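*Asks:* fold the following and give me the result.
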Amino acid sequence: MLKAKDMEFRFKADSFLDVSPITKIIAFIISSVVMLKVRLLSAELLIGILASLFLLNAKSWRNFWKFTIIFTGSIIFEIAADITHITEKFLPAIVIFNIIRIFLPTVVLYYILAEKTAASEYLADFKKLRIPDAFSVSFVVMLRFIPTLREQLRNIKKALVFRNIKIGPVYFIKHPVISIERLVVPMLISSGKVMEELAAAAMTRGLDVDRKRTTIVESKINFSDMSIIASMAAILVLLKGGFLW
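*Replies:* Numbers count the residues shown, from 1 in each chain. Next up is the predicted model:
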């Protein structure tokens, strides 16, 4: 019979390398700042490579190819327009591609944080850092808000299809008020149910008990975490020193 100390329980995302949630948060923050503050093509390319590696590590193949094609396609289009001196003719398209390229890595890394990382991993890491439970739980709920909202919208649209109502872009443009009513009202009702479920889940986890809680999730910093943090630090140093152009 196995002893408790010989049994290792670990909630781990399906990925090649085990990356700590803290490392993912650091990568998300630094990548977002670099993409918004630094308008250098080389810096954007490095952040794009980092985001694609996160998708590759998470085995999200479809999103990996979509991100790679859109991100590299926008860069190639901008470089080709600059070389052929047709930037003025395609200026609106270039602006749209730039906006998409700026926010795309942030969206990808948020996807990694929200859907490719278990809530138990966040709580274990925050507990090790002695972060209060009030912040930890609020942070996890905040991350899951947009995916939950998207899932609810998808379910509402499926329910409307059974009534022969298909709310798409064309229908929304023709009937904006009716579309909002048919989507917002069910969303408000569903939100109330979600709040009750979150409160029940919090009580089940013992968050309302003033005692020291234990966890079966192992929190540690490994070589992959150190490599990612070192890479992000190197990007900041290169940007600060003017080595990227």
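*Asks:* please save the CA atoms from stretch 50-69 in CSV.
*Replies:* The C-alpha coordinates for stretch 50-69 follow below in CSV (Å, rounded to 0.1, in the frame of the first residue of the first chain):
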residue,chain,number,x,y,z
LEU,A,50,7.1,33.9,-27.2
ALA,A,51,3.3,33.8,-27.5
SER,A,52,3.5,31.1,-30.3
LEU,A,53,5.8,29.0,-28.0
PHE,A,54,3.2,29.2,-25.2
LEU,A,55,0.5,28.0,-27.6
LEU,A,56,2.8,25.2,-28.9
ASN,A,57,3.6,24.2,-25.3
ALA,A,58,-0.1,24.1,-24.4
LYS,A,59,-0.7,21.8,-27.5
SER,A,60,-3.3,24.2,-28.8
TRP,A,61,-2.5,23.4,-32.4
ARG,A,62,-5.4,25.2,-34.1
ASN,A,63,-4.8,28.5,-32.2
PHE,A,64,-1.1,28.1,-32.8
TRP,A,65,-1.4,28.0,-36.6
LYS,A,66,-4.1,30.8,-36.6
PHE,A,67,-1.9,33.0,-34.5
THR,A,68,1.3,32.3,-36.5
ILE,A,69,-0.5,32.9,-39.9
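*Asks:* what residues does it touch?
*Replies:* For stretch 50-69, contacts defined as C-beta atoms under 8 Å, 6 or more residues apart in numbering pick out 13-17, 19, 24, 27, 31, 71, 104-105, 108-109, 111-112, 116, 228, 231-232. Yep, even glycine has a C-beta here, placed from its N, CA and C like the rest.
*Asks:* sort out for me which of those residues are in helices.
*Replies:* 24, 27, 31, 71, 104-105, 108-109, 111-112, 228, 231-232 (DSSP state H).
*Asks:* spatially central residue for the chain, please.
*Replies:* Tyr110 (1.3 Å; C-alpha atoms, centre = their mean).
*Asks:* that residue contacts Phe28, doesn't it?
*Replies:* Yes: between Tyr110 and Phe28 there is a contact at 6.7 Å, judged by C-beta atoms under 8 Å.
*Asks:* with adjacent residues omitted, what lies nearest to Pro235?
*Replies:* Let me fix one detail, which is that residue 235 is Ile and not Pro. Closest residue in space to Ile235, ignoring its immediate chain neighbours: Leu46 at 5.6 Å, by C-beta to C-beta, 6 or more residues apart in numbering.
*Asks:* okay, that neighbour and Ser15: tell me how far apart.
*Replies:* 21 Å (C-beta to C-beta, to the nearest Å).
*Asks:* higher neighbour count, the two?
*Replies:* Each of Leu46 and Ser15 has its neighbours counted (other C-beta atoms under 10 Å); Leu46 has more, 20 against 17.
*Asks:* and the gap between the more buried one and Ala81?
*Replies:* Distance, Leu46 to Ala81, using C-beta to C-beta: 22 Å.
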